[in-house]
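**Q** Build the 3D model from these lines:
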Amino acid sequence: MKRNYWIVGDRSISGKIGKVKAAGDVSAFDADIAKLHVAGNLDIANSFVQKLRAAGEVNAEDTDFGYCKAAGDVNIKGISKADTFVIVGDLSADLLECRLLRNASKGTVRTGKNFFEFSGSFKAETFESLFAFRLNCKYDFKNIVTAAEFFYDGVLECENFYSFNVIEMEGVNAEKIYIYPSSASKLEIATGTNINISTTRGLDRVFKSLPKSLSNAYYTRLKLLPVSIMTLISIEGDNINIDHVKADRVSGLNVKIGDLCVIDRVEYKGNIEVSEKAIINEVIKL
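**A** Predicted coordinates:
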């Protein structure tokens, strides 16, 4: 039979355990825990936790998680895996593999540093960013969805990239790109198969099908930035749909230039559509 614990103060646990509720520091080794709620620091190694909620620092080594939500800094040694990992704090890991990785909770407020960051190596099917975030680690994310300021030094690469807030990076290279245009964003190059930079909320069929820890309804209700014009150097893809964009060059197979675009040179191979409220210096059919 699985044991249940109600802990006040410091405690060490191991073995097959049902539910643990702790107000104090907990150490776990060689443990298989169904549910662990801890208000205090957690040191855990060679274990599995199906559901973890922690308010305090977490130090884990070679430990796997089902669902994990931690409000505090997390340090992971060795290789760890999780289905869903939500962190409201800084995260470091030798290697953490997740299906879903999220950097904050809804309504997160932080004092001190005004952004979160990860260090180490991470792999996830979907990374969701709800709070200002600087990506400066080794990453392998299939999908990136950001609802807050997002910073990266270099060209960000993934399969699907959706940004509903300010971004600052050299470039984005993805199969599917949606960016809400903002004059505060700093992006030089966007390269992909389907590129949509538009004030129309990008909740398309691809977005709705992505695995996410938050519902599509959350992003439907997301408050967007005031409308402004975003500046880039180059946009290159197969299917391009843009509005409120100023760019030196736009090149694609099928190109739609919407309202309040100012483009120096547009190149297209298939079809082109240009709004009467756009300004283009040169149009070239390839």
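**Q** can you give me the strands for the stretch 101-250 of the chain?
**A** For the stretch 101-250 of the chain, strands defined by DSSP state E, counting those that start in this stretch occupy the ranges 116-129, 133-135, 138-146, 150-152, 155-157, 160-163, 167-179, 186-197, 230-242, 245-257.
**Q** The last one packs against which elements?
**A** In terms of contact count using 3 or more C-beta pairs under 8 Å, 6 or more residues apart in numbering; DSSP states H and E, strand 245-257 is assigned the packing partners strand 230-242, strand 262-274. C-betas here are computed from N, CA, C, even on glycine.
**Q** Relative to that strand, what are the paired strands and their orientations?
**A** Using DSSP bridges, strand 245-257 pairs in its sheet with strand 230-242 (parallel), strand 262-274 (parallel).
**Q** So which bits of the last one are buried?
**A** Buried residues in strand 262-274, counting neighbours by 16 or more other C-beta atoms under 10 Å, are found at 263, 266, 267, 268, 272, 274.
**Q** what comes into contact with that strand?
**A** 229, 245-257, 278-286 (C-beta atoms under 8 Å, 6 or more residues apart in numbering).
**Q** ditto for stretch 218-230
**A** By C-beta under 8 Å, 6+ apart, stretch 218-230 touches 106, 145, 147, 164-166, 179-185, 187, 197, 199, 201, 203, 207, 244-246, 260, 262.
**Q** try 7 Å this time
**A** Here stretch 218-230 makes contact (C-beta atoms under 7 Å, 6 or more residues apart in numbering) with 147, 164-165, 180-183, 185, 197, 199, 201, 203, 244-246, 260.
**Q** Measure how buried the closest residue in space to residue 216 that isn't next to it in sequence is and give me the count.
**A** Using C-beta to C-beta, 6 or more residues apart in numbering and skipping residues adjacent in sequence, the residue nearest residue 216 is residue 208, 5.2 Å away. Per other C-beta atoms under 10 Å, the neighbour tally for residue 208 reads 12.
**Q** next one: residue 187
**A** Residue 187: 23 surrounding residues under other C-beta under 10 Å.
**Q** Quick check: the gap between it and residue 54.
**A** The gap separating residue 187 from residue 54 is 36 Å, by C-beta to C-beta, to the nearest Å.
**Q** Ok, residue 269 next?
**A** Per C-beta to C-beta, residue 269 is found 54 Å from residue 54.
**Q** again, but for residue 98
**A** Here residue 98 is placed at a distance of 16 Å from residue 54 (C-beta to C-beta).
**Q** Next: residue 17.
**A** 15 Å.
**Q** Settle it for me: which of these two has more neighbours?
**A** Taking other C-beta under 10 Å, residue 17 and residue 54 do not tie; residue 54 has more neighbours (26 against 20).
**Q** which element is the more buried one on?
**A** strand 48-55 (DSSP states H and E).
**Q** Let me see the residues that make contact with that strand.
**A** 32-39, 42, 63-72.
**Q** Quick one: find the helix or strand in this structure with the lowest mean pLDDT.
**A** Least confident helix or strand of the chain, by mean pLDDT, DSSP states H and E, is strand 3-8 with a mean of 84.
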